[in-house]
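*Asks:* build me a model:
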Amino acid sequence: MIKRIIAVLLSASLIGAVFTGCSGSGKVKSIIKKQEIETTAQSKVDTSSFRLSYSMSDSLDPYKSEALNNQVVQTLVYDSLFILDESYEALPSVAQSYSYPSPDKLFVKIKNGLKFSDGSSIGAENIEYSFNQAKESPHWETTLENFDEIEIESADSVTFKLKSPNPQAHKLLTFAIARAKLNKEGFRIGSGRYKFVEADGSVALVKNENYPDFNPKFAKINLVNITSSDSVENAINIGNISFAYLDLAEGSKTKILAQSRKVNLNNLVFAGINCKSGITENKDIRRAVNLATDRDTLVKSAYRGYATAARSIYNPYTTLAKQTQLFETAANLTAAKQAIASSGYSADKLKLSIVCDTSEGKRAVANLMKQQLESAGFKVTVKTLKKDLYREYIRDGYFDIYIGETKLSGDMNLSSFFDSGGRTHFGIDSESETAAAYKSYLEGENEIGAFVLSFAQELPFIPLLYRQGIICYTKSLRGDMQGYDSNYFSNIEDWYYN
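*Replies:* Sure thing, here's the model as predicted:
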């Protein structure tokens, strides 16, 4: 009762302030006016202001494009069976449901009533066509390499056959879905929120009228031809484009003046270890390297804060990572020195070589690790090599440690480390206990805990950090920017210009 009386009195005093105080009345009018302006801006349809970059020299065909800005634009035009959320969990998009009839088969049912931008229906034949195109494309070829073939079960269902069991294979079905037929302007037809059009020699995106419940403020998005990532950074800074995604693979060479938001990526930066020869063949030496490494410093100094320290093998934002934390983010030099003592190596034998390529981040990681390992008692040399020579060195085993990076697929599959033909298997024994434990986990014979325990004991490689990129947008653009990795425009319908 007392609270209710106080609330009434407060309301009365506020009303009095509005109607009796001149300055109060002015403030209220100002607030109301501002709200009216913002409401008008949010409701107005815009057909000219919003601009994105693309590369005219690259294809806008999702199965042929290689330029990052073209691939970013295409996420507005083409849907996929599933999309991944910020925790890398699969959300149905064109797919309605999925199941695993057997360890090497994945059944997917397609939603009813979905249409391409030309009004034709999405069906199993289009999924089959798109899958076969994506499997040969530069963008999805690696993601789909464990898929053998697709079979049409009915007009709205398909079965994917896997080369080897993978209980998370549905998370890989993020390829673009398109019709085999091109539109009259030569663009592939998708079912996304926008479609490609050409007018007066320029390319744009216009709202897809067949996309359900989509009412954006930007009914048209103009595309601006910008080729290099450096030019994209400059274009967003001076306002030539409205929005951009930068993956910062080579570091940002200019200061970003626009508004920005970090984007968590599935790019693992790791220390590859030669487990087959040299001093690092010893498990205690590998343990010492891990304990002497200060991941917090690598994040702050090598990647200027655009990364997250790896406490697990897996991406920090996944459920798997939260269940399998193995590493501290700060160095523990005391424990590192104890591990060295346990190895039996004398001080004069504690010599390590670190190999890296010329990219800004990995070069900085190598030099910082050199300092950290020397603090633990190692003598370290760093070899910085051009990328072709760097690949040759690690392929031929001329390293104790190499600094590598790999973009993990949405299923968090680590087979490339443990399979003898994998892209990141260098220095790892594919017959090791950890490799066997991982295979058993994929085949459903063991829980993930058995693999993680084996990994902690052997340390076949050392996860360091997961990189981040950024989305940038002009200061006059409004709306809660919720874009994230591979879904950069997740709530574009809420964006508007002030």
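*Asks:* count the residues that sit near the residue nearest to Arg188 when sequence neighbours are not counted.
*Replies:* In space, and not counting its chain neighbours, Arg188 is closest to Ala178: 4.3 Å by C-beta to C-beta, 6 or more residues apart in numbering. Where C-beta positions appear, they are placed from N, C-alpha and C, glycine not excepted. Neighbourhood size, Ala178 [other C-beta atoms under 10 Å]: 27.
*Asks:* what of the one 10 residues further on?
*Replies:* Applying other C-beta under 10 Å, we find 26 other residues in the vicinity of Arg188.
*Asks:* for it, list each beta-bridge partner.
*Replies:* Assessed by DSSP bridges, Arg188 has beta-bridge partners Leu182.
*Asks:* from Lys322, how far off is it?
*Replies:* 39 Å (C-beta to C-beta, to the nearest Å).
*Asks:* and what of Gly190?
*Replies:* From Gly190 to Lys322 the distance is 35 Å (C-beta to C-beta).
*Asks:* between the two, which is the more surrounded one?
*Replies:* Neighbours per residue (other C-beta under 10 Å) separate Gly190 from Lys322, with Gly190 holding more: 26 against 13.
*Asks:* pretty sure that one contacts Lys181?
*Replies:* No. Using C-beta atoms under 8 Å, Gly190 is not in contact with Lys181; the gap is 11.8 Å.
*Asks:* longest strand of this structure?
*Replies:* As assigned by DSSP state E, the longest strand anywhere in the chain is strand 259-273.
*Asks:* only the buried residues of it, if you could.
*Replies:* Buried residues in strand 259-273, counted by 16 or more other C-beta atoms under 10 Å: 259-260, 263-273.
*Asks:* what of stretch 153-163?
*Replies:* For stretch 153-163, the neighbour count (16+ other C-beta under 10 Å) marks 156-160, 162 as buried.
*Asks:* restricted to strands, list those residues.
*Replies:* 157-160, 162.
*Asks:* centre-most residue in this structure?
*Replies:* Nearest residue to the geometric centre of the chain (C-alpha atoms, centre = their mean): Leu265, 3.3 Å.
*Asks:* quick one: it from Asn237, how far?
*Replies:* Leu265 is 22 Å from Asn237, by C-beta to C-beta.
*Asks:* do a quick rundown of the strands in the stretch 301-450 of the chain.
*Replies:* Secondary structure of the stretch 301-450 of the chain (DSSP state E, counting those that start in this stretch): strands at 307-309, 351-357, 379-385, 401-407.
*Asks:* avg pLDDT for the shortest one?
*Replies:* Pointing back at strand 307-309 there. For strand 307-309, the mean pLDDT works out to 97.
*Asks:* which elements pack onto that strand?
*Replies:* The elements that strand 307-309 packs onto, with contact taken as 3 or more C-beta pairs under 8 Å, 6 or more residues apart in numbering; DSSP states H and E, are strand 461-473.
*Asks:* how about the strands of the stretch 301-450 of the chain in JSON lines, adding distance to Ala90?
*Replies:* Formatted as JSON lines, these follow (distance: least, C-beta to C-beta, whole Å):
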{"stretch": "strand 307-309", "distance to Ala90": "22"}
{"stretch": "strand 351-357", "distance to Ala90": "33"}
{"stretch": "strand 379-385", "distance to Ala90": "38"}
{"stretch": "strand 401-407", "distance to Ala90": "17"}
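*Asks:* out of the ones you listed, which comes closest to Asn332?
*Replies:* Proximity to Asn332 (C-beta to C-beta) singles out strand 307-309 among the strands of the stretch 301-450 of the chain, at 13.9 Å.
*Asks:* all helices for the stretch 351-498 of the chain, in order.
*Replies:* Counting by DSSP state H, counting those that start in this stretch, the stretch 351-498 of the chain has these helices, from start to end: 360-376, 387-395, 415-418, 433-442, 448-458.
*Asks:* which one of the ones you listed is the most hemmed in?
*Replies:* Greatest average neighbour count among these goes to helix 415-418 (a mean of 22), per mean count of other C-beta atoms under 10 Å.
*Asks:* state the mean pLDDT of that one.
*Replies:* Rounded mean pLDDT across helix 415-418 is 96.
*Asks:* packing partners for that helix?
*Replies:* Contacts defined by 3+ C-beta pairs under 8 Å, 6+ apart place helix 415-418 against helix 433-442.
*Asks:* rerun that using 6 Å as the cut-off
*Replies:* The helices and strands touching helix 415-418, judged by 3 or more C-beta pairs under 6 Å, 6 or more residues apart in numbering; DSSP states H and E, number zero.
*Asks:* from here on, count from 682
*Replies:* Done: numbering now begins at 682, and the last item shifts to helix 1096-1099.
*Asks:* contacts for that helix?
*Replies:* 1103-1106, 1109, 1111, 1116, 1119 (C-beta atoms under 6 Å, 6 or more residues apart in numbering).
*Asks:* what residues sit buried inside stretch 1156-1163?
*Replies:* Neighbour counts using 16+ other C-beta under 10 Å place 1158-1159, 1162-1163 of stretch 1156-1163 among the buried residues.
*Asks:* closest to Ile1129 among the residues you listed?
*Replies:* Ile1129 has its nearest neighbour among the buried residues of stretch 1156-1163 in Gln1163, at 30.1 Å by C-beta to C-beta.
*Asks:* do you know the pLDDT at that closest one?
*Replies:* 91.
*Asks:* could you pull up the residues touching it?
*Replies:* With C-beta under 6 Å, 6+ apart, Gln1163 has these contacts: 1171-1172.
*Asks:* list the contacts of Ser923.
*Replies:* Contacts of Ser923 by C-beta under 6 Å, 6+ apart are 731-732, 1155, 1158.
*Asks:* returning to what we had before: so which pair among the buried residues of strand 940-954 is furthest apart in space?
*Replies:* Pairwise over these, using C-beta to C-beta, the maximum falls at Gln940 and Ile954, 40.5 Å.
*Asks:* correct me if wrong: Ile1075 contacts Tyr1083.
*Replies:* Yes. Under the criterion of C-beta atoms under 6 Å, Ile1075 makes contact with Tyr1083 at 4.8 Å.
*Asks:* can I get the contacts of helix 1096-1099 in CSV with distance to Gly1091?
*Replies:* Below are the contacts of helix 1096-1099 laid out as CSV (distance: C-beta to C-beta, whole Å):
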residue, distance to Gly1091
Gly1103, 18
Arg1104, 17
Thr1105, 17
His1106, 21
Ile1109, 23
Ser1111, 24
Ala1116, 22
Tyr1119, 18
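*Asks:* Ala1131: what's it in contact with?
*Replies:* Ala1131 makes contact with Ala1118, according to C-beta under 6 Å, 6+ apart.
*Asks:* for Asn1094, see how far away it is.
*Replies:* In terms of C-beta to C-beta, Ala1131 sits 17 Å off from Asn1094.
*Asks:* for Asn793, same thing?
*Replies:* To Asn1094, Asn793 is 31 Å away according to C-beta to C-beta.
*Asks:* quick one on the thing from earlier: farthest pair within the ones in strands among the buried residues of stretch 834-844?
*Replies:* Across those, the longest distance by C-beta to C-beta is 16.9 Å; it joins Ser838 and Leu843.
*Asks:* name the SS class of Ile764, please.
*Replies:* Under DSSP: H, G, I helix; E, B strand; the rest coil, the three-state class of Ile764 is strand.
*Asks:* so what sits opposite it in the bridge?
*Replies:* On the basis of DSSP bridges, Ile764 is bridged to Leu772.
*Asks:* next, count neighbours for the residue lying closest to Lys1067 once chain neighbours are set aside.
*Replies:* Nearest residue to Lys1067, sequence neighbours excluded (C-beta to C-beta, 6+ apart): Thr1039, at 6.1 Å. Residues lying near Thr1039 (other C-beta under 10 Å) number 13.
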